[in-house]
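Visitor: I would like to see how this sequence folds:
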Amino acid sequence: FRGLSQKPKFILLAVGVQLFFGFFVFPHMQQIIDPNNLNPMLDLRFGYSTSKAYSVLETYGQAGREAYLLSCGLFDMLYPMVYAIAFSLILSLFFQNSFSENNILQNFNIFPFLIALADYAENFGIVTMLVNFPKTLDWAAHLASEAGLVKWSAVIFNLILLFTGLFGWMFRNIFRRNAR
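Guide: Purely as a prediction, here's the structure:
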């Protein structure tokens, strides 16, 4: 990703696709899944119990659960790879312009793919619950919830990495200007 991160068109494309999912696809699917907007999708929650998960799925009704299955089984299988690529490119760009080539932070440009793995595990749990509904599968709910906790915790760490790279780049440019 280091070579691609120096080509703005790849970064813009990846970020553009990520924004399309985030601002159009998923909000549209949320409206179909839960038209009254009473219960956000399980993917957006920071942990939940088995009973809470099944209570939320129950409120969606049959049509909502079918839409959620489509969303989780199709769109949310593409989205983790999209955001992993986008964030990996951005981290590569920031770190290459902020730190020396042998700095350990250069290796963290792959971190977004770990977030994607947690997201896929979460999706697997949610899809399993939806396919087997109304049967309660504790293991699937626990998997989805725990993977979601890992995902959201990793997202927070990823934001710290992004700001570290951005501030590093800014400070490096400030020191370069002052050195002239």
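Visitor: low-confidence ranges in this structure?
Guide: Flagging of the chain using pLDDT under 70 yields the residue ranges 1-6, 179-180.
Visitor: center of it, which residue is that?
Guide: Central residue check for the chain by Cα atoms, centre = their mean: the C-alpha nearest the mean position is that of Pro80, 5.5 Å away.
Visitor: for the strand or helix carrying that one, buried residues please.
Guide: Taking DSSP states H and E as the definition, one finds Pro80 inside helix 76-96. Neighbour counts over helix 76-96 (16 or more other Cβ atoms under 10 Å) mark 76, 79-80, 82-96 as buried. C-beta: built from backbone N, CA, C; applies to glycine.
Visitor: next: stretch 8-16.
Guide: Residues of stretch 8-16 classed as buried by neighbour count (16+ other Cβ under 10 Å): Phe10, Ile11, Ala14, Val15.
Visitor: which one of those is nearest Asn102?
Guide: Closest approach to Asn102 among the buried residues of stretch 8-16 (Cβ to Cβ): Ile11, at 23.6 Å.
Visitor: next, find the distance separating the nearest residue to the closest one once chain neighbours are set aside from Val17.
Guide: Closest residue to Ile11 apart from its sequence neighbours, by Cβ to Cβ, 6 or more residues apart in numbering: Leu89 at 4.8 Å. Counting by Cβ to Cβ, to the nearest Å, the gap from Leu89 to Val17 is 12 Å.
Visitor: residue boundaries of the helices in this protein?
Guide: Listed in chain order, the helices of the chain (DSSP state H) span residues 8-20, 26-33, 50-70, 76-96, 111-132, 138-179.
Visitor: output the third one as PDB, restricted to C-alpha atoms.
Guide: This file holds the C-alpha atoms of helix 50-70, laid out as PDB (Å, rounded to 0.1, in the frame of the first residue of the first chain):
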ATOM      1  CA  THR A  50     -28.200 -12.500  23.800                       C
ATOM      2  CA  SER A  51     -31.700 -11.400  25.000                       C
ATOM      3  CA  LYS A  52     -31.100  -7.800  23.800                       C
ATOM      4  CA  ALA A  53     -29.900  -9.100  20.400                       C
ATOM      5  CA  TYR A  54     -33.000 -11.200  19.900                       C
ATOM      6  CA  SER A  55     -35.300  -8.600  21.200                       C
ATOM      7  CA  VAL A  56     -33.900  -6.100  18.600                       C
ATOM      8  CA  LEU A  57     -34.300  -8.700  15.900                       C
ATOM      9  CA  GLU A  58     -37.900  -9.400  17.000                       C
ATOM     10  CA  THR A  59     -38.800  -5.700  16.700                       C
ATOM     11  CA  TYR A  60     -37.600  -5.600  13.100                       C
ATOM     12  CA  GLY A  61     -40.300  -8.000  12.000                       C
ATOM     13  CA  GLN A  62     -39.900 -10.500   9.200                       C
ATOM     14  CA  ALA A  63     -39.400  -7.900   6.400                       C
ATOM     15  CA  GLY A  64     -36.900  -6.000   8.500                       C
ATOM     16  CA  ARG A  65     -34.900  -9.200   9.300                       C
ATOM     17  CA  GLU A  66     -34.900 -10.100   5.600                       C
ATOM     18  CA  ALA A  67     -33.500  -6.700   4.800                       C
ATOM     19  CA  TYR A  68     -31.000  -7.000   7.600                       C
ATOM     20  CA  LEU A  69     -29.800 -10.300   6.200                       C
ATOM     21  CA  LEU A  70     -29.400  -8.700   2.800                       C
END
